[in-house]
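Novice: quick one, structure for this:
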Amino acid sequence: MIGVNTWVWVSPLTDEALADLAPRIAAWGFDVIELPVERPGDWRPARAADLLAELGLGASIVLTTPPGRELVGAPSQTVRETQDYLRHCVDVAVTVGAPAVSGPAYASVGRTWRMSPDERQDVYAELRENLKPVVAYAAERGVRIGVEPLNRYETSVINTVEQALEALPDECGLALDIYHLNIEEKDPLQAVRLAGARIAHIQASGTDRGAPGADHFDWPGFAAAVRDAGYAGPLVIESFTAENQTIATAASIWRPLARSQDALATEGLAFLRSLGH
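Specialist: Prediction:
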């Protein structure tokens with residue numbers, strides 16, 4: 001299965017934008033559409049569920065962690081509000097039929113600080129404690145939480161699969177993103193294999209955030225590693241438009257990454273299909 005995130009074209013997602021994008025995404029031959037939950041209420045899950053069912057599209061859900069969404073090193077009220085937001089994302093996933101909610105569910109993107117080994121252990125213990133009720137809530141509803149390692153410029157909490165396996169409760173899944181794996185992992189393919197059955201979701205952007213295949217990554221080796229890990233979920237193209245000031249700044253998108261956003265999606269789809277996924 002191959003999917004694409006609506007961030008390729010728009011942020012935040014709205015009912016109107018989804019009504020425009022979803023038929024095009026289905027017509028191009030994607031299997032899954034990835035729906036970001038930036039702010040509860042930006043788009044209506046029930047309406048999205050009806051639209052996707054009509055088009056024969058599956059769904060995946062991604063969470064966002066702007067400043068103020070924190071599960072570690074934050075006031076208890078902030079942690080509770082973040083947990084409530086994550087539970088809302090699970091409810092959205094149930095409504096649209098998405099099997100996983102994925103993203104950096106630990107601290108806001110861009111928040112970095114130095115930690116001694118002992119301080120890191122304390123942060124990881126805090127993260128496990130604050131994630132467990134959310135993971136349990138999701139499991140009761142048939143949804144997996146996939147926590148995503150990010151690169152060193154976006155977080156100092158979890159950068160690698162090895163750190164994620166250390167930091168997360170055993171019942172929590174991982175979300176892997178090629179863009180971040182390429183920066184942080186000494187061997188990205190071995191990192192996929194190490195994650196193994198814990199993989200809840202995979203995002204497959206190019207190493208420059210452009211289309212998969214239009215880059216230097218070992219994609220055939222990656223496809224083999226995904227098969228070895230036993231992952232059978234979608235590969236979702238995640239990129240961003242430089243036309244949206246907020247998200248372009250957050251993701252450091254300073255130039256076009258393809259001749260058009262449509263081309264980024266369709267050329268990435270054709271390449272991922274060629275890998276046999």
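Novice: please state the offset of stretch 212-232 from the chain centre?
Specialist: From the chain centre to the centre of stretch 212-232 is a distance of 17 Å (Cα atoms, centre = their mean, to the nearest Å).
Novice: now the terminal residues of that stretch, how far apart.
Specialist: This stretch, stretch 212-232, spans 18 Å end to end (Cα to Cα, to the nearest Å).
Novice: buried set for it?
Specialist: Pro212, Gly213, Ala214, Asp215, Phe217, Trp219, Phe222, Ala223, Ala225, Val226, Ala229, Tyr231 (16 or more other Cβ atoms under 10 Å). In short, each C-beta sits where N, CA and C put it, glycine included.
Novice: please apply the same query to stretch 48-61.
Specialist: With burial defined by 16+ other Cβ under 10 Å, the residues of stretch 48-61 counted as buried are Ala48, Ala49, Leu51, Leu52, Leu57, Gly58, Ala59, Ser60, Ile61.
Novice: from the residues you listed, which land in strands?
Specialist: Among the buried residues of stretch 48-61, the members falling in strands (DSSP state E) are Gly58, Ala59, Ser60, Ile61.
Novice: in CSV: those residues, plus pLDDT and distance to Val37.
Specialist: As requested, those are exported to CSV (pLDDT from 0 to 100; distance: Cβ to Cβ, whole Å):
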residue, pLDDT, distance to Val37
Gly58, 98, 17
Ala59, 98, 11
Ser60, 98, 11
Ile61, 98, 6
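Novice: check which helix or strand the residue at the greatest distance from the centre of the chain maps to.
Specialist: Distance from the C-alpha centroid of the chain peaks at Asp118, with 28.7 Å (Cα atoms, centre = their mean). Counting by DSSP states H and E, the element that carries Asp118 is helix 117-140.
Novice: point to the helix or strand of the chain where mean pLDDT is at its lowest.
Specialist: Ranking every helix and strand in the chain by mean pLDDT, DSSP states H and E puts helix 245-250 at the bottom, with a mean of 66.
Novice: hang on, the earlier thing: how far away is the residue farthest from the centre of the chain from Tyr124?
Specialist: Counting by Cβ to Cβ, to the nearest Å, the separation of Asp118 from Tyr124 is 11 Å.
Novice: residues contacting Arg69?
Specialist: By Cβ atoms under 8 Å, 6 or more residues apart in numbering, the contact list for Arg69 reads Thr78, Glu81, Thr82, Tyr85, Ser108.
Novice: Ile2 against Ser274, yeah?
Specialist: No: using Cβ atoms under 8 Å, Ile2 is not in contact with Ser274; the gap is 10.8 Å.
Novice: more neighbours: which of those two?
Specialist: Ile2 (23 against 12; other Cβ atoms under 10 Å).
Novice: quick check: pLDDT value at the more buried one.
Specialist: Ile2 is assigned 98 on the pLDDT scale.
Novice: all set, thanks.
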